[in-house]
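> Provided below are the primary sequence and the corresponding predicted coordinates.
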Amino acid sequence: MTDHSAPSSNVQQVSGWSALPNSVRVTLLRLIALALIVLTLSLTSEAFLTSNNVLNVLRQTALLFLLASGLTIVILTAGLDLSVGANIGLSACLAATIIKSTGSISLALLAGMGSGFLIGLINGGLIAFLRIPPFIATYGMLWILHGVTYWFMGGETIHGFPADFRAIGSGYLWGIPIPVFLMLAFLLVGMIFLQRTRWGQDIYSVGANREAARLSGIPVNSRLVLAYVMSGLMAGLASLIFLARLNSAEGDIGEAMTLPAIAAVLIGGTSLFGGVGTITGTLIGALILTLVLNGMNLLSINASWQPLVTGVIVIAAVYFDNLSNKGDK
Amino acid sequence: MRVADSSAGFIRQLQKGNSVGASLLLLVLCLLFTVFSENFTSAPNLINIVKQSTILLLLALPMTLIILSEGIDLSMGALLTLANVVLASLVIKFGVLWPAFLLVLILCAFFGWANGLIISKLHIPPFVATLGTLGIAQGGALLVTDGQSVVGIPPEILYFYSGEWMGMAMPFWIAIVACAVFHVLLSHTPWGNHVIALGGNREALTLAGIKADWVLISVYVLSGVMCAIAAVLLTARISSGHPTAALGMEFDAIAAVALGGTSFEKGKGWLWGTVIGVLAVGVLRNGLNLMGVPSAVQVAAIGILVILALMVDGLRDKQND
Amino acid sequence: MSELTPVLELRGISKGFVGVQALDDVSFELHRGEVHILLGENGAGKSTLMKILCGAYKTDAGEFFYEGKAVKIAKPSDAKTYGIAVIFQEFTLVPHLSVAQNIFLGREAKGRWTGLLDQASMRSQAQQILDELDMAIDPDAELVSLGVAQQQMVEIAKALSQNAQILVLDEPTASLSDKETAKLFEMIAKLKSRGVAMVYISHRMAEVFSIGDRITVLRDGRKVASRFPAETNQDELVSLMVGKRVDLAYARTFEAQASQLALQVENLHAPSGVKGVSLEVRVGEIVGLAGLVGSGRTELARAIFGADPVSSGRVKIFGQLQDGGPLRAIELGAALIPESRKSQGLALILSCAHNITMASLKRLFPSGWFVPSKNLEQSIALIKRLRVATPGAHQLVQFLSGGNQQKIVISKWLSAEARFFIFDEPTRGIDVGAKAEIFSLIDGLVKQGAAVLMISSELSEIVKVCDRAYVMRDGLIAGELKRQEISEESILALGVQDARG
């Protein structure tokens, strides 16, 4: 007798590992990987667990995470932002110029964040309203921003910022390095946004099925612009911290951060196809990446290996997620 | 409507509007530069454009096939860089080009094979897979050179970029041969049909008894081979091996392909559009150079124009729907 | 005419997967020049049987006989050897290759010396096949330039060019118009006269009786009956498929009452293909929207809902002007349950709970603060109310059956407190038993004060369920039928234009 209101007999009894929802599995796997890495490093390098190194790792992670957090939201919508590195470049150079010319730190902060915001807005506009594929739009923006930055800086370097400004990178708040404080703060903000606001829920809907979201009354264009604005804003914030730590600014600053940021998001379990992923995952991804690179430094492994190792980790992370997903079907 | 890629349908293709954006762009640029710069239309300058664009063309041609098959290859620039430094080092060691080239060819083909393998057997999306191998190639280039340039290339090598044959610059011949080979491959071999099928309906291939994985891997291997060939030109051009020589060039290649009308999805596209796209980028850079525009702004201009050209195509598509 | 020895016979075929016995001791005969209809619900085993026939699956038990001799069919090349070809619903065609290139995919003609494509030879061979089958298709045409029906023809030509003697057709008329279906049947008749044997999978009773020579019904992996069309009727077949007496004509009490206008459309024009439509729907009514494929019904629905742009005319929902997009329509109390629920109605990789509240987040969480427990509560309530079969609200929608997925879509709109529902082919892809449940759901909606506009291509559904019906033709309303006037004939009469062939 086929009774269509009862669950089909195909559903097998699952228990243990397979019974966990996939998002939990993904996070657990990564936490285990993280633990293993920390363990290995503590055992193989004496310098690893020193407070100096730990703080260093945390600051690095913080910078990477802040950039990657905005990117996470964009990738959740099945989009991409290749312009974040160039965003950092322009925003940092703008802020640097303002400090040098006006001496006002608050104005510089405003400029940096404002520039990031505006770039995100333009990206969002191109992608949502002009329907340009995110890959192309943000890639085009990357070039444009580079060009503007280079032209603006005229090939020169600005350095030497007031101590108050540099405190953003090296200072402490309540005993925690400021970048780390910001990292934790934005982790919280990100989690709240994605899991506890309806705009965050909309982001997942848009990424999972844009047309279905539109037909359900979700203002898709607004949400897309929101995502890219967030990515831009976080790049703006990251640029300020970067500037503070580097204490100098030139045309190509931040260029090299785009790919590691994308890597951190992917390592963290967010899917390029949209609709799947968490901010926590991105934090763990950023941690894993930073720890591995830090470990390599401590073990005096030639820095030239770093891009290579990053590449391998990204492939491995996605591969294991695929395996884990297959288990569901 | 005739099938894309038939050489007889060249004009018809242009009319179909697939590359209207790029063609218009090229036309506008040429006109602008002719007006604003005396030297633009001079023979030496035009030759220069072709020479400089050839390296990009050698990357953009296989990139067209990869995008046709619904994939993407972000590692091309890094691979070209790796090939450049390895070739430079080996040429200095051997003193002669051919053994060095052979080894580099094997290296690049292997790399392409690895790309294809990761995508087809490990089921990693091409974007992620080639993002990963980009890092691997980049790391490789750094390791081989220890971050330094490799100098001391025997001058014979320079022939490939600066030399001539029958009155035309060598790169020009290389470009012609490359275009011809790719055209034959895509439009006149079963393999070409299979590549289009890979992007259009992969199951159709499998059901027809063709190993789709092998077709995919072969496309990436071809891309690797082209990087090896491009490395010869690049090495000749900069007469050295440099660890960041061509990083980022894959984006230029992708831009050229996109400008040329190959859609990123569903296996629709054609090679001549890519050629136009490559020329558009080349003309722009050259023209702006002549006008004394700083390289930074050139870069910005390319970005704006890519976006504009795509908008034109997008609007046209909407009208045609 | 069938001969005595079947061209293909299957005996005792069984096939199991983990946890499921897909086929259990199924036997089946196919004769030359015969159309053998395979009936069964989703999950009855039809697609497994198809896959076994084309060698994609290996059987656990059972034998094959080709023209009386025992043979093995365990891989695709075996099936090809015996001339078996399957025409799937998703075509095995490549959009941007030509017709000829598609037909010869994997078997391309090559020049003897060069290994290059011999385009001319492929073109002429393709032309030959197309001519033999009376198909007016240009072998050089790009596949994507052809309509769905023609593409299907190319698919058939492809199979026949490989000397298929046995064709398996999987719901071939699913996306064809009546005219195209007629052409397909002509083709089938031609193939019959050439001695080709066909297995025809369908659930459309009209077809079963018009072209079937023999009928086999599968249920739960077993063969429950084999009949000749002359000895059976629709009701018997349906009850054989479902395993119990199913009251298709479930009693709907038509209560005549003048009531509030839910929808008013005044001379609506839309670039998508609406050319001046006026109609109305009142609370408590189920109004049908019939018409041939391509008559503009989905376009009208989307224009009303605001999913597609409108060029002129007015739409009023519960008296208020619909002057915006989907968001505005939803504010006014409208809902759209689209034709392709998987691509337009649901986010498959997200949970039931997420999908159910997708259109009502603003209403449930006006401050913007999202409370997961409240979300869950709301979802569970609706899952219970509509009796959705799912292990839980967290279950990803992609794992639900078609009928249950449809219920999730409906839940989404109930959560949004919609009072006017536009259903576009509500029972497409849903089992016969579940169909009745969907209809009683819809009936329940209107009894509780909602209004429904229902697009359907199943004329019998419209006849049984609708208070009134509009029939569309070429983007216009060809006519309106009151309850007593609704019949399959009257709908067809309005939907078909006499002049066209």
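It's in.
> find the nearest non-adjacent residue to the residue in chain A that chain C sits nearest to, please.
In chain A, the residue found nearest to chain C is residue A:208; the distance is 3.5 Å by CB to the nearest CB. In short, each C-beta sits where N, CA and C put it, glycine included. In space, and not counting its chain neighbours, residue A:208 is closest to residue A:275: 3.1 Å by CB to CB, 6 or more residues apart in numbering or on different chains.
> verify the assumption that that neighbour is located in a strand.
No: Residue A:275 is assigned coil when assessed by DSSP: H, G, I helix; E, B strand; the rest coil, not a strand.
> report pLDDT for it.
Residue A:275 is assigned 92 on the pLDDT scale.
> thought it was touching residue C:351?
No: with contacts counted by CB atoms under 8 Å, residue A:275 stays clear of residue C:351, the gap being 10.9 Å.
> what about the residue of chain A closest to chain C, neighbour count?
26 (other CB atoms under 10 Å in any protein chain shown).
> so how far is residue C:50 from it?
31 Å (CB to CB, to the nearest Å).
> ok, the residue of chain A closest to chain C - contacts?
A:274-276, C:347-350 (CB atoms under 8 Å, 6 or more residues apart in numbering or on different chains).
> ok, now with 7 Å
By CB atoms under 7 Å, 6 or more residues apart in numbering or on different chains, residue A:208 lies in contact with A:274-275, C:347, C:349-350.
> neighbours of residue C:114, just the number please.
By other CB under 10 Å, the residues close to residue C:114 number 11.
> assumed it was part of a helix.
No: secondary structure of residue C:114 (three-state DSSP): coil, not part of a helix.
> give me the residue from the stretch 151-300 of chain B nearest chain C.
Per CB to the nearest CB, residue B:208 is where the stretch 151-300 of chain B lies closest to chain C, at 3.0 Å.
> please report phi then psi for that residue.
The phi/psi pair for residue B:208 (degrees, to the nearest 10) reads phi -80, psi 0.
> surely it meets residue C:106?
Yes: with contact defined as CB atoms under 7 Å, residue B:208 reaches residue C:106; the gap is 3.0 Å.
> how about the residue most central in space within chain A, what does it touch?
Geometric centre of chain A, nearest residue: residue A:68, 0.5 Å, by CA atoms, centre = their mean. Taking CB under 7 Å, 6+ apart, we find residue A:68 in contact with A:261, A:264-265, A:282, A:286.
> roughly how far apart are it and residue A:283?
For residue A:68, the distance to residue A:283 - CB to CB - is 8 Å.
> right, and chain A sits closest to which residue of the stretch 151-300 of chain B?
Closest point on the stretch 151-300 of chain B to chain A, by CB to the nearest CB, is residue B:300, at 2.4 Å.
> helix, strand or coil for that residue?
With three-state DSSP as the basis, residue B:300 sits in helix.
> what's the neighbour count on the spatially closest residue to it that is not a sequence neighbour?
Among residues not flanking residue B:300 along the chain, residue A:147 sits closest, at 2.4 Å (CB to CB, 6+ apart). Neighbour count for residue A:147, taken as other CB under 10 Å: 25.
> report the buried residues of the helix or strand harbouring residue A:147.
In this structure, residue A:147 sits in helix A:134-153 according to DSSP states H and E. Within helix A:134-153, the residues scored as buried using 16 or more other CB atoms under 10 Å in any protein chain shown are A:134-151, A:153.
> what's the next secondary structure element after the strand or helix carrying residue A:43?
Counting by DSSP H and E, the element that carries residue A:43 is helix A:22-44. Using DSSP H and E, the helix or strand that follows helix A:22-44 towards the C-terminus is helix A:51-76.
> list the buried ones in the next helix or strand after that next one?
Following the chain from helix A:51-76 toward its C-terminal end, the next helix or strand by DSSP H and E is helix A:84-102. Buried residues in helix A:84-102, defined by neighbour count with 16+ other CB under 10 Å: A:84-99.
> between these, which is nearest chain B?
Nearest to chain B, judged by CB to the nearest CB, of the buried residues of helix A:84-102 is residue A:86 at 9.6 Å.
> so what's that closest one closest to, chain neighbours aside?
Using CB to CB, 6+ apart, the closest residue to residue A:86 is residue A:145 (3.7 Å).
> list the contacts of the one you found.
So residue A:145 contacts A:83, A:86-87, A:89-90, A:119 (CB under 7 Å, 6+ apart).
> got a list of what the residue nearest to residue B:54 when sequence neighbours are not counted touches?
Spatially, and ignoring its direct neighbours in sequence, residue B:54 is nearest to residue B:171 (3.9 Å; CB to CB, 6+ apart). Residue B:171 is in contact with B:50-51, B:54, B:161, B:233, counting by CB under 7 Å, 6+ apart.
> residue B:303 - how many residues pack around it?
Around residue B:303 there are 25 other residues, counting by other CB under 10 Å.
> and residue C:363, by the same measure?
As a burial measure, residue C:363 scores 13 neighbours (other CB under 10 Å).
> what of residue C:109?
Neighbourhood size, residue C:109 [other CB under 10 Å]: 16.
> for chain A, see how far away it is.
When distance is defined by CB to the nearest CB, to the nearest Å, residue C:109 is 38 Å away from chain A.
> pLDDT score for that residue?
Residue C:109 is assigned a pLDDT of 82 by the prediction.
> how much space separates it from residue C:409?
49 Å.
> equivalent analysis for residue A:65, please.
If you go by CB to CB, the gap between residue A:65 and residue C:409 works out to 38 Å.
> between those two, which has more neighbouring residues?
Just comparing residue A:65 and residue C:409: by other CB under 10 Å the higher neighbour count belongs to residue A:65, 33 against 27.
> roughly how far apart are that one and chain B?
Counting by CB to the nearest CB, the gap from residue A:65 to chain B is 19 Å.
> these two touch, right, that residue and residue A:286?
Yes: counting by CB under 7 Å, residue A:65 does reach residue A:286; the two are 4.2 Å apart.
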